[in-house]
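Peer 1: starting from these lines, generate the structure:
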Amino acid sequence: MVQLHERIVENIKKVIKGKDEKIKLVLAEMYAGGHVLLEDVPGVGKTVLARSIAVSLGLDFKRVQFTPDLLPTDLTGLSIYDRKSENFVFKEGPLFTNILLADEINRATPRTQSALLEAMAERQVTVDGITRKLSNNFFVIATQNPIEYEGTFPLPEAQLDRFMARVSLGYPDKESEMEVLESQIFIHPIEQLEPVGSAEEFTKEKENVRHVKVSSEVKEYIVNIVEATRNHQSLKYGASPRGSLSLMHMSMAWAYVNGRDFVLPDDVKKVAPYILIHRIIQSTESKILRESKEEIIEDIINKVPVIGE
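Peer 2: Numbering: from 1, shown residues only. All right, here's what the predicted structure looks like:
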């Protein structure tokens, strides 16, 4: 029987061309129970990816365009007075869904961003002193444009750390872009997309990921990589212990979607750049030298030895 993640990737390939590995990465992150930050220029398929995953799994999907005037209650919902019952009735906001696309998250004020933080961290929201649970399959795909900074509120470190990974879809290659043109002459292919899985299957897959084995040597390798970010000469601050946990869980999910029930050091190397890039802060000297975060992480991975080799 074809595994759920394979069916989903094949389904989404009908809509998003030439991005199989990035689709797989986002799925692995969902399996690991994390949230993803898509940092990309407009028009490369971020919204379509989020919708396609929701349709493929038969999950609820909501999209919120973040703007400076967006209020926390626009996300969480609020209590409205009902004349008939003479009571306040809670009206759920868009957070009460399965997959939430937080579009251009850095355009909202810090106050609104913090409302999303509780939902991401605890999978619950508190309104009028009452805490309400969100879906077990609640998953945030947030986007931000790496080019435009005017009128934006950069995400604080605490918020960035809540995202398990930062992924960039990037532009398609020429062949894939030609396929996009061919596939959208009459109708957008997402309109014809059908579910290939269910919420129950997805929950089961997440449970399976938790049983993927991580040896003590691989755990030590993970800790050594994260520790190296804290001592690197080009970095002012490295990743926190949450970064170590995210790296382990994502490595487990990546091993699982590649057909294994155990984690290899290569799994850690593969996902580490996506887990660490938004958790490190460069030193002033590094910025002056125009070093990129990608280069720094690559240097760390190349220098940290694999335990047992």
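Peer 1: so for the helix or strand where Glu118 lies, what's the average pLDDT?
Peer 2: Here Glu118 sits within helix 110-122, counting by DSSP states H and E. Helix 110-122 carries an average pLDDT of 88.
Peer 1: who touches it?
Peer 2: 35, 66, 70-72, 74-76, 95, 102, 105, 124-126, 134, 138, 140, 142, 153, 155-156, 158-159, 162-163 (C-beta atoms under 8 Å, 6 or more residues apart in numbering). The way it works is simple: take the backbone N, C-alpha and C, and place the C-beta from them, glycine included.
Peer 1: all helices of the protein, in order?
Peer 2: Secondary structure of the chain, counting by DSSP state H: helices at 4-12, 20-31, 46-57, 72-76, 110-122, 157-160, 174-183, 199-209, 216-231, 241-257, 265-276, 284-288, 293-303.
Peer 1: got those helices as JSON lines, with mean neighbour count and distance to Val167 columns?
Peer 2: Formatted as JSON lines, these follow (neighbours: other C-beta atoms under 10 Å; distance: least, C-beta to C-beta, whole Å):
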{"stretch": "helix 4-12", "mean neighbour count": "20", "distance to Val167": "14"}
{"stretch": "helix 20-31", "mean neighbour count": "22", "distance to Val167": "6"}
{"stretch": "helix 46-57", "mean neighbour count": "23", "distance to Val167": "10"}
{"stretch": "helix 72-76", "mean neighbour count": "20", "distance to Val167": "23"}
{"stretch": "helix 110-122", "mean neighbour count": "18", "distance to Val167": "16"}
{"stretch": "helix 157-160", "mean neighbour count": "15", "distance to Val167": "14"}
{"stretch": "helix 174-183", "mean neighbour count": "12", "distance to Val167": "17"}
{"stretch": "helix 199-209", "mean neighbour count": "16", "distance to Val167": "18"}
{"stretch": "helix 216-231", "mean neighbour count": "18", "distance to Val167": "19"}
{"stretch": "helix 241-257", "mean neighbour count": "23", "distance to Val167": "11"}
{"stretch": "helix 265-276", "mean neighbour count": "22", "distance to Val167": "6"}
{"stretch": "helix 284-288", "mean neighbour count": "12", "distance to Val167": "23"}
{"stretch": "helix 293-303", "mean neighbour count": "16", "distance to Val167": "13"}
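Peer 1: thinking again about what came up before, can you say which of the contacts of helix 110-122 are buried?
Peer 2: Listed as buried from the contacts of helix 110-122 are 35, 66, 70, 72, 74-76, 95, 102, 105, 125, 134, 138, 140, 142, 153, 155, 159, 162-163; burial here means 16 or more other C-beta atoms under 10 Å.
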